[in-house]
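Chemist: what follows is a protein structure lacking sequence information:
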């Protein structure tokens, strides 16, 4: 009996439609995803990132979600006190 870790799985072994579920249910992958989100400064809270993952798992189109998130962040930035633009 062989046990595969998250890192041993590659894209050929995880069907594309199940990849997001795999990321969401794998603690190792979730920690890595949240770390990358902070590293590249997505400006998303852990809760917002979690909601985005759930929406993607539910079938929301990734580009549509990205556009909505960027638009929301732009509006939030415009209405932040002390922001000059």
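Modeler: Thanks, I have the structure now. Because the structure is predicted, anything quoted here is derived from the model rather than measured.

Chemist: can we go C-alpha only for contacts and neighbour counts from here?
Modeler: Fine.

Chemist: list the buried residues of the strand or helix carrying residue 32.
Modeler: Following DSSP states H and E, one finds residue 32 within helix 27-39. Residues 30, 34, 37 are the ones in helix 27-39 that count as buried (16 or more other C-alpha atoms under 10 Å).

Chemist: ok, and the closest non-adjacent residue to the second one?
Modeler: Right, residue 34. residue 46 (6.9 Å; C-alpha to C-alpha, 6 or more residues apart in numbering).

Chemist: average pLDDT for stretch 31-51?
Modeler: In this model, stretch 31-51 has an average pLDDT of 92.

Chemist: got a list of contacts for it?
Modeler: residue 73 (C-alpha atoms under 8 Å, 6 or more residues apart in numbering).

Chemist: how long is that stretch from one end to the other?
Modeler: Start-to-end span of stretch 31-51 (C-alpha to C-alpha, to the nearest Å) is 15 Å.

Chemist: out of the helices and strands in this protein, which is least certain?
Modeler: Every helix and strand of the chain was ranked by mean pLDDT, DSSP states H and E. The lowest is helix 19-25, at a mean of 65.
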